[in-house]
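Engineer: this is a predicted model, with the sequence first.
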Amino acid sequence: MIVVMQHQASKQSVDNVLDRLSKAGFQLHISEGVSRTVIGVIGENTKERLAGMAVEAMPGVEKVVPILHPFKLAGRDLKPEQSRIQVGDLVIGGKEIHVMAGPCAVENEEQLLSVAHGVKKAGATILRGGAYKPRTSPYSFQGLEEEGLKLLAKARRETGLKIVTEVTGVEFVSIVTEYADILQVGARNMQNFQLLKAVGKTNKPVLLKRGACATFEEWILAAEYIMAEGNFNVIFCERGIRTFENYTRNTLDISSVPVLKHLTHLPVIVDPSHGTGKWHLVTPMALAAVAAGADGLMVEVHPAPSEALSDGPQSLTLDNFLSLMEQVRAVAHAVNRQLEKQ
Ligand code: PEP
Ligand code: MN
């Protein structure tokens, strides 16, 4: 249920309602919008109990209404305004579009630092790179693990870029949290509910990739798992879904941008690298994503894609990444967004 406070409700009346509801044992989520405060009330038999307590008659309360969607915290019922997620001094979900770029996997210092400096120069604000890699085959390169996290931290010190890196299991949450600015939950783990709960207990923003076969409802409910633990800083990342088509690695569902913007208040970014699997499709799909309203992009870049230990065929060279950024800048401008702070 949600308790919608009146437009001019005083702080005292909001506090009185919060006090009464928390004493009654409900879980509360407060959303302070520009025009009014909305209180999400989660618990058992909320409808009957709130009616019994006559909450609607309390001073400052406008109405008490049910949340119609299965996603209580991510939905726009609770929070009509778009969420802005703070990553250090960056804001994701505002006017600026943020590009997260870097190699699929951290391979060695030279590879990572050369990409980091290159993507920074081209206008990226966040460095991506896997230290723990969820590979389809157990015989493929599995990542440098903590050594990879240390290299990411070094790249951050040298460039000022923020770091996003994947956490592949509950047992790695604490170590990845020590190094990363954003925790990535990969497509294969989108419904690993224990992992979702564990990242929900941290204070780091979470980039939640779409499972290859996930519906929108399943994906939003995965975000709900993170939020129900108290971490509201969730960013969706569309990375393609599995369809009958096998020319591309996945089918990139650009419609997820407006769909998620309609259903939720959380930012949405798009990964055209995993979404297509082919480097020459990455720039056109990145442009389509920005035109559709994406709040950012995740792009794989490698100094020598043909020698990459993972995902070479979908990785851009630094020159191609520079060209992508120039084109993204123009499309961003056309849809009243921007790449850099002004
Ligand atoms: C990745 O970003 O490196 C990755 C493994 O992506 P996904 O989880 O989307 O397959
Ligand atoms: Mn990859």
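Structural biologist: Everything's here; your move. Ligands and ions are numbered 1, 2, ... in the order given.
Engineer: CA only for contacts and neighbour counts going forward, please
Structural biologist: Will do.
Engineer: please report how far residue 285 lies from ligand 1.
Structural biologist: 15 Å (C-alpha to the nearest ligand atom, to the nearest Å).
Engineer: hmm, I was thinking of residue 249
Structural biologist: Look at residue 249 and ligand 1: by C-alpha to the nearest ligand atom, they are 10 Å apart.
Engineer: make 53 the starting number, not 1.
Structural biologist: Shifting the count to begin at 53 puts that one at residue 301.
Engineer: ok, that residue - contacts?
Structural biologist: If you count contacts by C-alpha atoms under 8 Å, 6 or more residues apart in numbering, residue 301 has them with 326, 327, 328, 329, 330.
Engineer: so which of the residues you listed is the closest to residue 86?
Structural biologist: Nearest to residue 86 out of the contacts of residue 301 is residue 327 (C-alpha to C-alpha; 36.3 Å).
Engineer: isn't residue 54 right next to residue 98, touching?
Structural biologist: No. With contact defined as C-alpha atoms under 8 Å, residue 54 and residue 98 do not form a contacting pair (9.5 Å).
Engineer: ok, these two, which is more surrounded?
Structural biologist: A count of neighbours by other C-alpha atoms under 10 Å puts residue 54 above the other of residue 54 and residue 98, at 23 against 15.
Engineer: run a quick neighbour tally on the closest residue to the more buried one other than its chain neighbours.
Structural biologist: Nearest non-adjacent residue to residue 54, counting by C-alpha to C-alpha, 6 or more residues apart in numbering: residue 92, 4.6 Å away. Residue 92: 24 surrounding residues under other C-alpha under 10 Å.
Engineer: residue 92: what secondary structure?
Structural biologist: For residue 92, the assignment made with DSSP: H, G, I helix; E, B strand; the rest coil gives strand.
Engineer: for residue 66, same thing?
Structural biologist: Assignment for residue 66 (three-state DSSP): helix.
Engineer: before we move on, back to that, can you tell me how far the residue nearest to residue 54 sits from ligand 1?
Structural biologist: With C-alpha to the nearest ligand atom as the criterion, residue 92 and ligand 1 are 31 Å apart.
Engineer: quick one: contacts for that residue?
Structural biologist: By C-alpha under 8 Å, 6+ apart, the neighbours of residue 92 are 53, 54, 55, 80, 81, 82, 83, 124, 125, 130.
Engineer: report pLDDT for the nearest residue to residue 111 once chain neighbours are set aside.
Structural biologist: Spatially, and ignoring its direct neighbours in sequence, residue 111 is nearest to residue 65 (6.1 Å; C-alpha to C-alpha, 6+ apart). With respect to pLDDT, residue 65 has a value of 95.
Engineer: again with residue 85
Structural biologist: pLDDT, residue 85: 81.
Engineer: number of nearby residues for it?
Structural biologist: 13.
Engineer: buried sites along stretch 327-344?
Structural biologist: Buried positions in stretch 327-344, judged by neighbour count with 16 or more other C-alpha atoms under 10 Å: 327-331, 334-335, 337-343.
Engineer: try stretch 372-389
Structural biologist: 372, 373, 374, 376, 377, 380, 381, 383, 384, 389.
Engineer: any chance you could list what contacts that stretch?
Structural biologist: Residues contacting stretch 372-389 (C-alpha under 8 Å, 6+ apart): 147-149, 171, 174-175, 335, 338-339, 342-343, 345, 353, 390-391.
Engineer: restricted to helices, list those residues.
Structural biologist: Members of the contacts of stretch 372-389 lying in helices (criterion: DSSP state H): 171, 174, 335, 338, 339, 342, 343.
Engineer: for residue 303, state which of these is nearest.
Structural biologist: The closest of those, once distances to residue 303 are taken by C-alpha to C-alpha, is residue 338, at 13.6 Å.
Engineer: tabulate the buried residues of stretch 372-389 (TSV), appending secondary structure and pLDDT.
Structural biologist: Compiled in TSV, those are given as follows (DSSP: H, G, I helix; E, B strand; the rest coil; pLDDT from 0 to 100):
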residue	secondary structure	pLDDT
372	helix	98
373	helix	98
374	helix	98
376	helix	98
377	helix	98
380	helix	98
381	helix	98
383	helix	98
384	helix	98
389	coil	98
